[in-house]
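[1] Next input, structure requested:
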Amino acid sequence: MADGRMKAIVEEEEEEEEEAFARFPGVRLSSRTCAGEEGAPSRKVVAKGEIFTFGERRESDEATAWDLKRKRFEMFNLGRACENTAASSSAAEESPLPVASEYNSQSSSTLSENEATYILSQFSRHFCHGNTQDSKDRGGVGKDKSDNRDVEDVKIHTYMMDDILHKIFSFLDQKNLCRVGATCKEWRAVSTHEYFWRRLKFENTRISQKNFAIICHRYRNATELNLSNVPNTCMLAREAMASLRHLETLILERGVLSYKFFHALSACPALSTLSISEATIYDEDKGIGDYENIFIHHDRLRDLRILKCYLVCVSLRCCRLQTLSLKHSTMMRLKLHCPQLHVLDLSSCRDLGDFLIRSAVMTCPLLASLDMSSCTYVSDETLREIASACPNLSALDVSYCPNVSFESVRLPMLTELKLHTCDSITSASIGAISHSHMLEVLQFHNCGQLSSISLDLPHLRDISLVHLPKFVYLNLRSPKLASIKASRCSALQHVTIISNALQKLVLEKQESLATLSLQCQNLIDVDLDNCVSLTNSICQVFSEGGGCPILRSLVLNNCKSLSMVELNSHSLVSLSLVGCSSMSVLQLSCPNLQKLNLDGCDLLKRASFCHVGLESLNLGICPMLTFLQIEAQQLLILELTGCGMLSQALVNCPRLTSLDARFCREIKDGSFSRTAASCPNIQSLILSSCTSIGADGLSSLCWLQQLTLLDLSYTHLMSLQPVFDNCLQLKILNLSACKNLADSCLDALYKEHALPSLRELDLSYSSVGQTAISHLLSCCTNLVHLNLNGCTNLRDLVWGSSNSHSCEDLVEICPSNSITKENEHLLEVLNCTGCSKLEKVFIPSMSNCFHLSKLSLKLSVNLREVDLTCCALRTLNLSKCSSLEILKLDCPRLINLQLQGCSMLTEENLESAILRCNMLVILNVNCCPKIKAADFGRLCAACPSLKHIYAGGMGSSYQRIIHYLT
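    Numbering: from 1, shown residues only. Reported below is the predicted structural model:
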């Protein structure tokens, strides 16, 4: 019903509009009503920006503009009044408002986002709450005065809503404006405002000639029209030129234009820009297919573009034309009479002859930019004639002109020159180019005969050299040169550059480049990646006195010919030598150097870093390194991992905190002692597999009073006394795979309480016996993490004595994080993986292991009995303990139990074991043949918290079953 009513209203309005159009050509109706002299409502009509009422005279444009200004002035006065009222009643902050005079007739239809938000807030606050509050305050007194004021407020708020809609609709295109205009009368009135229709854009739109004529008559002040890809382009364009007297810009694309269209252009006096692209042009008398001459005569046209059109002859007589583009158009003849022409684009006009181009261009004495790229008939003679006829020519593009050699051509005012794929350009052409002293931009691309360039141009800023296969020598002198691009110049051997403006130089993949000379006072960044022919002399260019005093970044990646790199630079910050596989000697004296990359320098043997600013240095990728000298006051981290041939190291880094020298088998006690004496702040020291360091070297640990981590794994040490005597702050000690350590070497740990700060101890794969391990577990109560993986001498892990008391009561009374007892153990993680001779594990409640949360006994194939009473244990791993038969658990906090591969464990034993595991969630009995899926119900009854059981078996194919319990 509502849709039918709306349709009827729209049809009624359309009938009224048609009647108005019949009586008043070019008139548009507004749905707003106004009160006449006697109070009767009457319809307003808008024509050409004027507002008038049927039966009344039309108002002038000035009156309309003044009325719009008055509305906005009242609107902003309302905002100030509401603001002042709110400020007087409460201490609210003042909100700034624009002055009404700032909105002139052209910008009056646009509101900023902040203004629109402010107006909406004032409207909702004043209109919704103001009348109610006033009625309460007045109590009926002064009713007539109140009614008059309410009527005035309604008018002002109506103006405010129009302005807000005006702002919102300004973001819509014309199709959407038509859609919102069909919503209601108010929106239609706003959406048809001529401000939105000054630019008529109908690209890719099907519109009838009748409707188009109505729009043109309605919006006669339109200044721009776009008819791209629109049917009946010619008729619509002629209609527009006849109706839109203020039309300035006309855009036509993919249309069909008749010969008479160009004659009608003179009837559009305000036209300044005309763009025709991919159009079919024909004579109406002869039909499509017979192409005739085009003659355009217009006194105010300034910009003309005829692109991708097929023509016979183009004749232009436009005394004010400044820009002309005939790009990709096919024509046989060209006649120009455009004395004010500044920019001419004839690119890809392949059928224009040399003489025709010369004759046309010479009639434009003020020409400043000329594009003749792909005009294959252009010759040097034409360029010389143009140079004499157009003395102000500053931009020239003659790319893809095979007959142009540029010899004897003088263009003194030229600032930009493009020469792409010009096979006639040779080194002799450079002499003529050198006379263009104003040249700023120069491009040589795919000039196969060019072998050398030597230029001294004071204004040259940008030069591009791309794919010059015979180019060998480059010599540039320009104080303003700021950009150089050289790519795929495979024969380039010598480069000399003198410039005070150049900051970045990139010469990547110049395979033949052997000599580089630079005098660039402001050069900061140099990239010579893959310049495989560069020799050691290149280092002098970038050292002190080499011509680059403020160089900060240098890239010499994959420079295979470099064998010795010696750099002395106070400004260098970043250096990359990735892939310099032939470099054997590296000497750097760069106090500000902060980044160094030596990946792939496999043959580096001697490295000296004297006075460098590095904070981190990784030399572990240099396996052939034999000599190392470092003096770095800021160095914090030094990695020498894998320097198996390093025998002499002189490290003087007073701030060094981490030294990783694992697998440095040739480092002797002397080198290590000197390093320790000069680096007293080392906190982390890794000497894994440093088999040449003995007791004498360890005695130098007395210099390292801040040492907290020490890794002596895989060494041949027989005594740890220097460690116990000097490393009082040690927290982590790794002694894994130290096969020469006897049980007595650890006596100081549990007898003399050495290393009081020790928290983590690794004895994996060592020869430590059963007795020493038992004493460690009993006496070293400060340990938090203990690794006993692969200890073949460990047979029984019996901790403390038996006790019949349960720890469940202790957990309920004192949580694990608050239990404190005498001789309390702090151990949290105990790893005994792969202890092949281990048979029994017994940890009773009296062992005081109140913090043990993770225990791993996996791969202990001879383990038969496990009896644990650990109130804090959360994870227990018994995977692949194939001999396990007895399992007793009193672990109320256990969550994860791994029994994978325990082939001897029965369901009855498991059920009794988990009875006291009240928090168990995950149970893995994969490959446990004595535990069937039918037993899962009893397991769940024994442990109600159980949620996940992982089970399966080994058959022809492995199958994993996940059983979810709710």
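
[2] Going by C-alpha atoms from here, please, whenever you check contacts or count neighbours.
    Will do.

[3] Residue 337 pairs with what?
    residue 317 (DSSP bridges).

[4] which residues does it contact?
    Residue 337 is in contact with 316, 317, 318, 319, 363, 364, counting by C-alpha atoms under 8 Å, 6 or more residues apart in numbering.

[5] now do 7 Å
    Shown in contact with residue 337 (C-alpha atoms under 7 Å, 6 or more residues apart in numbering): 316, 317, 318, 363.

[6] Residue 190 too?
    With C-alpha under 7 Å, 6+ apart, residue 190 has these contacts: 162, 166.

[7] circling back to that earlier point, quick check: the farthest pair among the contacts of residue 337?
    Across these, the longest distance by C-alpha to C-alpha is 12.3 Å; it joins 318 and 363.

[8] what mean pLDDT does the one helix or strand residue 474 maps to have?
    Residue 474 belongs to strand 473-477 when assigned by DSSP states H and E. Taken as a whole, strand 473-477 has a mean pLDDT of 94.

[9] same deal with stretch 684-699?
    91.

[10] Start and end of that stretch, how far apart?
    Distance between the two ends of stretch 684-699: 17 Å, counting by C-alpha to C-alpha, to the nearest Å.

[11] low pLDDT regions in the protein?
    Within the chain, the segments meeting pLDDT under 70 span 1-160, 284-292, 800-823, 953-966.

[12] how about 80 then?
    Scanning the chain for pLDDT under 80 picks out 1-163, 259, 282-293, 799-824, 952-966.

[13] Residue 360 - that's part of a strand, no?
    No. Secondary structure of residue 360 (DSSP: H, G, I helix; E, B strand; the rest coil): helix, not part of a strand.

[14] Does it touch residue 335 like I think?
    Yes. Between residue 360 and residue 335 there is a contact under C-alpha atoms under 7 Å: 5.7 Å.

[15] one step back: remind me what the next helix or strand after the strand holding residue 474 packs against, helices and strands.
    Sequence order places strand 483-487 as the next helix or strand after strand 473-477, per DSSP H and E. Strand 483-487 sits against strand 462-466, with contacts defined as 3 or more C-alpha pairs under 7 Å, 6 or more residues apart in numbering; DSSP states H and E.

[16] ok, and residue 830, which helix or strand is that part of?
    Here residue 830 is assigned to strand 829-831, by DSSP H and E.

[17] partner strands of that strand, parallel or antiparallel?
    Using DSSP bridges, the strands paired with strand 829-831 are strand 785-787 (parallel), strand 854-856 (parallel).

[18] closest one to residue 917 among those?
    Among the strands paired with strand 829-831, the nearest to residue 917 by C-alpha to C-alpha is strand 854-856 (14.8 Å).

[19] List of residues touching the closest one?
    828, 829, 830, 831, 832, 833, 873, 874, 875, 876, 877, 878.

[20] Mind checking what helix or strand follows that strand in sequence?
    strand 865-868.

[21] what's in contact with that next one?
    Against strand 865-868 from outside (C-alpha under 7 Å, 6+ apart): 839-844, 884-890.

[22] Go again with 8 Å.
    Residues contacting strand 865-868 (C-alpha under 8 Å, 6+ apart): 839-844, 884-891.

[23] still on that earlier bit, export the strands paired with strand 829-831 to a markdown table and tack on distance to residue 617 and mean neighbour count?
    Converted to a markdown table, the strands paired with strand 829-831 look like this (distance: least, C-alpha to C-alpha, whole Å; neighbours: other C-alpha atoms under 10 Å):
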| stretch | distance to residue 617 | mean neighbour count |
| --- | --- | --- |
| strand 785-787 | 31 | 20 |
| strand 854-856 | 37 | 19 |
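
[24] Compare the ones you listed and report which one is nearest to residue 458.
    strand 785-787 (72.3 Å).

[25] list residues touching both of residue 318 and residue 363?
    Shared contacts of residue 318 and residue 363, counting by C-alpha under 8 Å, 6+ apart, come down to 337, 338.

[26] which of the contacts of residue 337 has the most neighbours?
    Counting neighbours by other C-alpha atoms under 10 Å, the top entry in the contacts of residue 337 is residue 318, with 21 neighbours.

[27] That one and residue 304 touch, don't they?
    No. Residue 318 lies out of contact with residue 304 (C-alpha atoms under 8 Å); the separation is 9.8 Å.

[28] Tell me where the stretch 301-450 of the chain has strands.
    303-307, 313-317, 323-325, 333-337, 343-345, 369-371, 395-397, 416-420, 441-445 (DSSP state E, counting those that start in this stretch).

[29] To what extent is the closest residue to residue 683 other than its chain neighbours buried, counted in neighbours?
    Once flanking residues are discounted, residue 683 sits nearest to residue 707: 4.0 Å by C-alpha to C-alpha, 6 or more residues apart in numbering. Residues near residue 707, counting by other C-alpha under 10 Å, number 24.

[30] hang on, the earlier thing: starting at the chain centroid, how far to the strand holding residue 474?
    Counting by C-alpha atoms, centre = their mean, to the nearest Å, strand 473-477 is centred 37 Å from the centre of its parent chain.

[31] Surely residue 404 is in contact with residue 426?
    No. Using C-alpha under 8 Å, residue 404 is not in contact with residue 426; the gap is 10.4 Å.

[32] And these two? Which one has more around it.
    residue 404 (23 against 20).

[33] what about that one, distance to residue 373?
    11 Å.

[34] what sits in contact with each of the two?
    By C-alpha under 8 Å, 6+ apart, the residues touching both residue 404 and residue 373 are residue 398.

[35] What is the neighbour count of the closest residue to residue 663 other than its chain neighbours?
    Leaving aside its chain neighbours, residue 663 sits nearest to residue 689 (4.9 Å; criterion: C-alpha to C-alpha, 6+ apart). When counting by other C-alpha under 10 Å, one arrives at 21 neighbours for residue 689.

[36] now do residue 933
    Neighbours of residue 933 using other C-alpha under 10 Å come to 12.

[37] next one: residue 540
    Residues near residue 540, counting by other C-alpha under 10 Å: 16.

[38] do residue 451 as well
    With other C-alpha under 10 Å as criterion, residue 451 counts 19.
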